[in-house]
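>>> requesting a structural model of the entry that follows:
(4 chains)
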Protein chains: 2
Amino acid sequence: MPPTIKDIAKQSGVSISTVSRVFNNQDLVKNETKQKVLEVIEALGYTPNFVAKRLRSCKISTIGIVVPDISAAFYAEIIKGVENKANDIDCGLIVCDAHNSRDKEKEYVRYLYDGRVDGMIFVVPQLRDDDLRKIAADGLAIAVFGKDMSGFNIQSISVDNYSGAYQAVKHLYFHGHKRIAYIGGIEAENDYDHRARLAGYRQALIDNGLGVNDAYIENGAYCEEGGGSAFLRLIKLNEPPDAIFCANDEMALGVIRMARKNHIEIPEQLGLIGFDNIRVGQYISPSLTTVNQPTYTIGVLLGERLIFQMTNKEYGQKTLNLILKPELVIRESCGC
Amino acid sequence: MPPTIKDIAKQSGVSISTVSRVFNNQDLVKNETKQKVLEVIEALGYTPNFVAKRLRSCKISTIGIVVPDISAAFYAEIIKGVENKANDIDCGLIVCDAHNSRDKEKEYVRYLYDGRVDGMIFVVPQLRDDDLRKIAADGLAIAVFGKDMSGFNIQSISVDNYSGAYQAVKHLYFHGHKRIAYIGGIEAENDYDHRARLAGYRQALIDNGLGVNDAYIENGAYCEEGGGSAFLRLIKLNEPPDAIFCANDEMALGVIRMARKNHIEIPEQLGLIGFDNIRVGQYISPSLTTVNQPTYTIGVLLGERLIFQMTNKEYGQKTLNLILKPELVIRESCGC
DNA sequence: TGCCGTCAATAAACCGTTTTAAAACTGGAA
DNA sequence: TTCCAGTTTTAAAACGGTTTATTGACGGCA
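Numbers count the residues shown, from 1 in each chain, chains lettered A, B, ... in the order given. Okay, here's the model as predicted:
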């Protein structure tokens, strides 16, 4: 057992309060006594027990972050951004991988909720707004990426998915594509990304005088395989699309793979744009035009917001929901 | 403030000891009472404060893992493996990103060391063996990936880098390559991977009657750009190599990029094999032959070892250093 | 009826620190 | 000598749990 403050007190013939003082408000203790105590501390190799310290003083200098999937570079980049800010204030970071599951996410919240952290960041939370609000109400600082929580007085950051999709589709249109399809997710209660991207897609078609054809709207389940099958369904249509906008890059990879298999040339016969700017997109052939989200910046901003929240307990000083504009990264797959 | 055990006690009309019992030795409390308490716990969303818990009982069901770079898929996979095992025993996981820096790693160790975790996993630690030993000596369970710590009575898992390199080079040789170069890291004190892979490369050449040509051994700093420049140096030689084995895939990507720029065809003019099996390797053209390490399995094993260590305090029951065999994944770039 | 054993629940001690309130010790002024 | 202010020091109360010892209630048995 390591020595405790009691051992030091006994050994040096003073009370434990005095020993504690020597460590903290050192000016309140006589120099002579201080020397004596310091000697004993040195001799016994004492360090204050962190756990006991925390129990009393309630600050733990740790923040937690919950992401849907730690192995996706997108989230890893955000984490790095957050960490950068956390380091500024000597704060540790606990990373939790929710495995894309709401239950797991809930579990982790429960886990972090036990006084392990001073604040939490949720990246694209699947949790209900209510759950998030409850956490915030308990006095824990929180910041959210991926949905607008300003209605609940919670700091949040989003990317303008609508605008990203709109830009992509407009780009395809301006370069001669007229039958533009969309591959996305399903109309789930909490799939804000899908909804906004679909809406952007729709509006871009409408604004450019192209009708919205429901047969051109497909579900690719956000994964490579799903994107591939959605593509196969699309090319079987009487009037197959001449371009596809995918709500993420994974699905676009599936499209590229299946197009190759079916001898459809990209971009000559089919324009393609993805979303997220994952690393593979630069290396695959044809390289993938995509919509880039400033992940690292997002992380930094999340960190900033959270720290702001942790230090100033009241809200409202900063805009509650900050919306970042994504940008189109033009490569080969769109043919422009 | 989140609710405490006192709130639960008051709300449900029992003593705090009873509430505590409901959480721990549940058999000692009447079923009826238990139900009542559980309801209140649920309603108030109570979680026992981990700091308080730890202070009294010395167990907090948390393990920490330190990796060099969270955004590398390689480590993310290992983390997932560990997490899987941790979940089996209802253990939380704290992930720390050391940013490839020894200082940062040290900082995190100090941080975790504060009684925040019951055990730690180090993935390719840059820490000195001594530091690791000291942690273990203090009674904290630890498990290490990437270097053999059995000499210190610490559980460790490694991949047989020597064998991986040997297989790769042998494969190149058997398919007709005679001038095989190596691009790796620098001869750093703690770069065990580099040393073992280089040794495997050397031995494979010797065993097959090819001499070792020091001009063929290059440093690519483990990154894409470094791999590219190393490649450029190699092709300027009087007798440039007809194949390259890279100590990781990143460097191989650099080779592919630069080869393309210099109109050197892979695999026709140059055979290429990487190491690590990163995702991009499947998608790039030509797709990359590489040496695969069973990352997820590594994670699971690390988790197992650590948990074993946490529960049985004595050593020695299991092999202390487990060596896994990596396997060659043959794709286009080696031309076979 | 009185005694005993069993089962449930509680009170109280404890973990190692910080912090607040109180006590003890100084020295100087009345 | 007494009192007071200022400086040091101490005792004791937190912090939020777990755990040990104790109490209380109840039924069975002599």
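>>> can we go C-alpha only for contacts and neighbour counts from here?
Fine.
>>> the residue nearest the centre of chain A: what's it in contact with?
Central residue of chain A (CA atoms, centre = their mean): residue A:123, 3.3 Å from the mean position. Taking CA atoms under 8 Å, 6 or more residues apart in numbering or on different chains, we find residue A:123 in contact with A:65-68, A:75, A:144-146.
>>> do you know how far it is from DNA strand D?
According to CA to the nearest atom of the strand, to the nearest Å, residue A:123 and DNA strand D sit 27 Å apart.
>>> list phi and psi for that residue.
Here is the backbone geometry of residue A:123 (degrees, to the nearest 10): phi -100, psi 120.
>>> which residues does it bridge with?
Residue A:123 forms beta bridges with residue A:145, as assigned by DSSP bridges.
>>> any idea how far residue A:252 is from it?
23 Å (CA to CA, to the nearest Å).
>>> can you report how many residues neighbour residue A:90?
Number of residues near residue A:90 (other CA atoms under 10 Å in any protein chain shown) recorded here: 11.
>>> my read: it touches residue A:61, true?
Yes: counting by CA atoms under 8 Å, residue A:90 does reach residue A:61; the two are 7.0 Å apart.
>>> one step back: for ChimeraX, write the select line for the buried members of the contacts of residue A:123.
Selecting only the buried entries of the contacts of residue A:123 in ChimeraX, with 16 or more other CA atoms under 10 Å in any protein chain shown as the criterion:
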select /A:65,66,67,68,75,144,145,146
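>>> can I get the contacts of residue A:123 in a markdown table with pLDDT?
As requested, these are arranged in a markdown table below (pLDDT from 0 to 100):
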| residue | pLDDT |
| --- | --- |
| A:65 | 95 |
| A:66 | 95 |
| A:67 | 94 |
| A:68 | 92 |
| A:75 | 93 |
| A:144 | 96 |
| A:145 | 96 |
| A:146 | 91 |
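>>> which of the contacts of residue A:123 lies closest to DNA strand C?
residue A:65 (27.2 Å; CA to the nearest atom of the strand).
>>> which SSE is the residue of the stretch 101-250 of chain A found nearest DNA strand D in?
The nearest approach of the stretch 101-250 of chain A to DNA strand D comes at residue A:114, 7.4 Å away (CA to the nearest atom of the strand). Using DSSP states H and E, residue A:114 sits within no helix or strand.
>>> so who does the nearest residue to it once chain neighbours are set aside touch?
Leaving aside its sequence neighbours, residue A:114 sits nearest to residue B:49 (CA to CA, 6 or more residues apart in numbering or on different chains; 4.4 Å). Residues near residue B:49 by CA under 8 Å, 6+ apart: A:114-116, B:4.
>>> which among the residues you listed gets closest to residue B:259?
Nearest to residue B:259 among the contacts of residue B:49: residue A:116, at 50.8 Å, using CA to CA.
>>> so the closest one, which state does it fall into?
Secondary structure assignment for residue A:116 (DSSP: H, G, I helix; E, B strand; the rest coil): coil.
>>> wait, what's in contact with it?
Contacts for residue A:116 (CA under 8 Å, 6+ apart) come out as A:60, A:62, B:49-51.
>>> again, but for residue A:173
Applying CA under 8 Å, 6+ apart to residue A:173 gives the contacts A:180, A:208.
>>> return the distance of the host helix or strand of it from the chain's centre.
Assessed by DSSP H and E, residue A:173 sits inside helix A:161-174. The chain centroid and the centroid of helix A:161-174 are separated by 23 Å, computed with CA atoms, centre = their mean, to the nearest Å.
>>> which positions in it come out as buried?
By 16+ other CA under 10 Å, the buried positions in helix A:161-174 come out as A:161-173.
>>> just give the nearest non-adjacent residue to residue A:11, would you?
Distances taken as CA to CA, 6+ apart put residue A:40 closest to residue A:11, at 7.0 Å, once the chain neighbours are dropped.
>>> list the contacts of the one you found.
By CA under 8 Å, 6+ apart, the residues touching residue A:40 are A:8, A:11-12.
>>> if we go to 10 Å?
A:7-12, A:46 (CA atoms under 10 Å, 6 or more residues apart in numbering or on different chains).
>>> out of those, which is most surrounded?
residue A:8 (25 neighbours).
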